[in-house]
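1. coordinates only, no sequence provided:
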């Protein structure tokens, strides 16, 4: 009997301690489960409502498409589809005046050969070498700085369309490729500040057109994507670029232009830079007069 009491005394306190220890645990369990549930709920809320958008979809992005998006965002308000309830833009009466320069990327080559055959002094050769550069530098570029928002500017090229769908350039295939690269620069970068700068850059070293080093250097200097430029020139085995050149050459032929560099304003010849001098310039080759003329034409309906 005493052994039973002793056994009972040993067992009962132990049983009581286990019960005493398990009671607080069961009371704390709902609190812990509630805390875990709150964490899960917070995590789901953050994932659904607060998850940040990805910075860039790399697979759908390229420098060329990025520039196209910028160009579209800067398109004239009048050219965009009107939105319901949108206010009308200001100064929509002014029209864009056609302003065009017809050139050949390697035009000075033939002139150099001519002067060498004629035994003219090197100084005269240098004067003639700057023909296309002078046209752009002395008249086109400074005018564009003032009228860029009032003109529809185009660089067009001189050549001869062939029966097989190609183009024959006066100074050979290298000039055709130079023309194509300049047209592609225009196609990829509608901003005249970019493609005119690129054209001027390679014209300064026209002897090396279309060497990769020259083209890549000028592309880098004027923010032209060289890889996109190369893709444009070689797309569809070169047929895409050849179509660009052919369209440009056919347009030049249709308007009766034969000399590089010919500047046309409002679809009429304004001035010609040929053999190192300005010709056929009724109003003169002055930049100020050309700016005034374009401003007047822009205000006409």
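-> Now that the structure is in, tell me what you want to look at. All figures in this text were calculated on a predicted structure; none of them were measured in a lab. Numbering: from 1, shown residues only.

2. low-confidence ranges in this structure?
-> Where the chain drops to pLDDT under 70, the residues are 1-36, 41-93, 108-131, 301.

3. show me the helices in the stretch 101-250 of the chain, by range?
-> Taking DSSP state H, counting those that start in this stretch to define them, one finds helices in the stretch 101-250 of the chain at 108-117, 122-129, 131-134, 141-147, 173-188, 192-203, 212-221, 226-234, 239-254.

4. quick check: which of those is nearest to residue 97?
-> helix 141-147 (7.7 Å; CB to CB). Using the backbone N, CA and C atoms, a C-beta is placed for each residue, glycine as well.

5. which elements pack onto the closest one?
-> Packing partners of helix 141-147 (3 or more CB pairs under 8 Å, 6 or more residues apart in numbering; DSSP states H and E): strand 97-103, helix 192-203, helix 287-299.

6. for burial, what's the neighbour tally of residue 164?
-> 5 (other CB atoms under 10 Å).

7. who's the closest spatial neighbour of residue 206, skipping the chain neighbours?
-> Closest residue to residue 206 apart from its sequence neighbours, by CB to CB, 6 or more residues apart in numbering: residue 106 at 5.3 Å.

8. hmm, residue 171 and that neighbour touching each other?
-> Yes. Counting by CB atoms under 8 Å, residue 106 touches residue 171, with 4.4 Å between them.

9. looking at these two, which one has more neighbours?
-> Shown here are residue 106 and residue 171; by other CB under 10 Å, residue 106 has more neighbours (25 against 21).

10. how far away is that one from residue 292?
-> 34 Å (CB to CB, to the nearest Å).

11. kindly report the same for residue 226.
-> Residue 226 sits 39 Å away from residue 292, going by CB to CB.

12. same question for residue 142.
-> Counting by CB to CB, the separation of residue 142 from residue 292 is 13 Å.

13. for residue 176, list the residues it contacts.
-> 159, 167, 168, 169, 245 (CB atoms under 8 Å, 6 or more residues apart in numbering).

14. again, but for residue 166
-> By CB under 8 Å, 6+ apart, the contact list for residue 166 reads 242, 246.

15. from now on call the first residue 8
-> Let's use 8 as the start, then, which means that last one is residue 173.

16. what's the domain layout of the protein?
-> 8-60, 104-306 (automatic domain parsing).

17. just say which of these is most tucked in.
-> Comparing the domains of the chain by mean neighbour count (mean count of other CB atoms under 10 Å), domain 104-306 comes out on top with a mean of 18.

18. now do the same end-to-end measure for that domain.
-> 9 Å (CA to CA, to the nearest Å).

19. what's the answer for stretch 272-283, then?
-> Terminal residues of stretch 272-283 lie 21 Å apart, using CA to CA.
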